[in-house]
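1. predicted model follows, preceded by the sequence.
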Amino acid sequence: MSNYDEFIKRTNEVYALSWDDEIDVAEADASGSGFKIPAAGDYDFTVVTFERRMYDGSEKIPACNYAAIGIELYSANGALAGRVHENFYLVSSQTWKIMQFFTALGMRSHGEAKFKPDWQGSIGRSGKCKIAVRKSSQGKEFANVDRYYEPLDAAHLDMQSKALHPERSEGGAFESDPPKPALPF
């Protein structure tokens, strides 16, 4: 089973087991009622999986390659708030979304004439995003990324949050947050 399939398995409330799957008793006991949809709002995120896949096509999107990305969401206090998966279809009408994603991760700068996404290099990288909660035509709720914030937008959001939450320390994080690592430059 691929890393992305494992991520999806952990993300969905109910999933199928194969005849040869092992059952993680601690995980089953800890999960209780299962997956919780994160609330709509702004979150820090980390890319945890990437897989190359092929899409068969539909009325809106032609057959194409796509990047299946697993993302973990973190609340303001650093606690895991949920998981979402994103599909980045490699078609011309979706390049805005790909560039927004890589800009949020700090892997793309404005003004570049050409940009080649480093999908594998996105694993372990972090950024800030806005989550929206939607309902499917069957009435099931799901969360997805509404937009990825540019690092400057994310810094502005942190300043707003600090103004709205005086309990935040000078660094813009809650006192209980672990210290953030220094930048490598």
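-> Arrived safely, thanks for sending. Numbers count the residues shown, from 1 in each chain.
2. beta-bridge partners for G70, please?
-> Beta bridges link G70 to T49, H85 when assigned by DSSP bridges.
3. lowest-confidence helix or strand of this protein?
-> Least confident element among the helices and strands of the chain, by mean pLDDT, DSSP states H and E: helix 25-31 (a mean of 53).
4. helices along the protein, start to end?
-> 3-11, 25-31, 95-104, 151-164 (DSSP state H).
5. least confident of those, on average?
-> Among the helices of the chain, helix 25-31 carries the lowest mean pLDDT, a mean of 53.
6. with adjacent residues omitted, what lies nearest to I131?
-> Using C-beta to C-beta, 6 or more residues apart in numbering and skipping residues adjacent in sequence, the residue nearest I131 is A143, 5.3 Å away. Quick note: C-beta positions are derived from backbone N, CA and C, even for glycine.
7. and that neighbour, how many residues sit next to it?
-> 22 (other C-beta atoms under 10 Å).
8. tell me how far it lies from V48.
-> To V48, A143 is 16 Å away according to C-beta to C-beta, to the nearest Å.
9. any low-confidence regions in the chain?
-> 1-16, 24-35, 153-185 (pLDDT under 70).
10. just give the closest residue to N65, not the sequence neighbours.
-> The shortest distance from N65 to any non-neighbouring residue, by C-beta to C-beta, 6+ apart, is to L90 (4.5 Å).
11. contacts only, for G82.
-> For G82, the contacting residues are F35, K36, I37, P38, E72, L73, I131, A143, by C-beta atoms under 8 Å, 6 or more residues apart in numbering.
12. what's the closest of the residues you listed to Y55?
-> Using C-beta to C-beta, A143 comes nearest to Y55 of those, at 21.3 Å.
13. could you pull up the residues touching the closest one?
-> Counting by C-beta under 8 Å, 6+ apart, A143 has contacts I37, P38, A40, G82, V84, I131, A132, V133, R134.
14. 6 Å instead, please
-> I37, P38, V84, I131, V133 (C-beta atoms under 6 Å, 6 or more residues apart in numbering).
15. beta partners for it?
-> Assessed by DSSP bridges, A143 has beta-bridge partners V133.
16. look up how far Y43 lies from it.
-> For A143, the distance to Y43 (C-beta to C-beta) stands at 10 Å.
17. where do the contact lists of these two overlap?
-> With C-beta under 6 Å, 6+ apart, A143 and Y43 have common neighbours I131.
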